[in-house]
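Engineer: after the sequence you'll find the predicted model.
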Amino acid sequence: MVEEIFQTDPISSLGLPSPVSIGRDASVGAALAAVQQHGQGYVLVVENGKPVGIMSEREVLMRIVARDVKYAENVDTYMSHAPETLTSKEPIATAIRMMNEGGERNIPIVDGSGRAVAVLRTIDIIRFLAEAFPAQLLNLPPRPHQMIADSEGA
């Protein structure tokens with residue numbers, strides 16, 4: 001049943017909000033302001049509405065903080081370029097696979113013309129799981145020896 005939901009439910013069923021986005025010619029300062037103002041953990045960099053890059057809180061920490069970066073510099077230098085995209089019609093399972101295998105944390109969702117309509121974040125998948133399977137998640141036994149492959153946090 002669980003696998004069936006992931007295979008049949010499209011990404012559109014998650015009800016994702018419109019993406020937080022800025023133009024490719026924006027400054028690092030504008031990108032930081034957008035990340036902070038909207039609290040979504042990312043800003044999508046678009047050109048004519050189509051995603052050309054993304055800057056997440058992770059990129060901010062790894063590429064900007066503690067470096068001598070001028071906020072007037074172009075965001076193009078510091079964003080992750082050419083993010084992989086999905087359409088809202090694709091199954092949630094495809095997004096989970098992409099996140100798991102490719103290490104993606106934020107996946108731009110595009111329409112048929114390639115224009116960004118949303119961004120699927122890891123937290124959106126976690127919320128979906130928590131809402132769809134509350135009893136199973138709340139009753140999972142602890143795994144004290146589990147190791148996380150990538151360290152997270154500040």
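Structural biologist: Perfect, I can see it now.

Engineer: could you check the pLDDT of the residue nearest in space to the middle of the chain?
Structural biologist: Central residue of the chain (CA atoms, centre = their mean): residue 106, 1.5 Å from the mean position. The model reports residue 106 with a pLDDT of 93.

Engineer: ok, residue 62 next?
Structural biologist: Confidence score, pLDDT, at residue 62: 77.

Engineer: hey, which helix or strand in the chain has the poorest pLDDT?
Structural biologist: Least confident helix or strand of the chain, by mean pLDDT, DSSP states H and E, is helix 2-8 with a mean of 63.

Engineer: which SSE is immediately downstream of that one?
Structural biologist: Scanning forward in sequence from helix 2-8 by DSSP states H and E, the next helix or strand is strand 21-23.

Engineer: just checking, what packs against that following strand?
Structural biologist: Judged by 3 or more CB pairs under 8 Å, 6 or more residues apart in numbering; DSSP states H and E, strand 21-23 is in contact with helix 28-38, strand 42-47. C-beta here means a position set from N, CA and C on the backbone, and glycine is covered the same way.

Engineer: now the angle from the longest one to strand 42-47?
Structural biologist: What that stands for is helix 28-38. Interaxial angle of helix 28-38 relative to strand 42-47 (axes from the mean of the first three to the mean of the last three CA atoms, to 10 degrees): 130 degrees.
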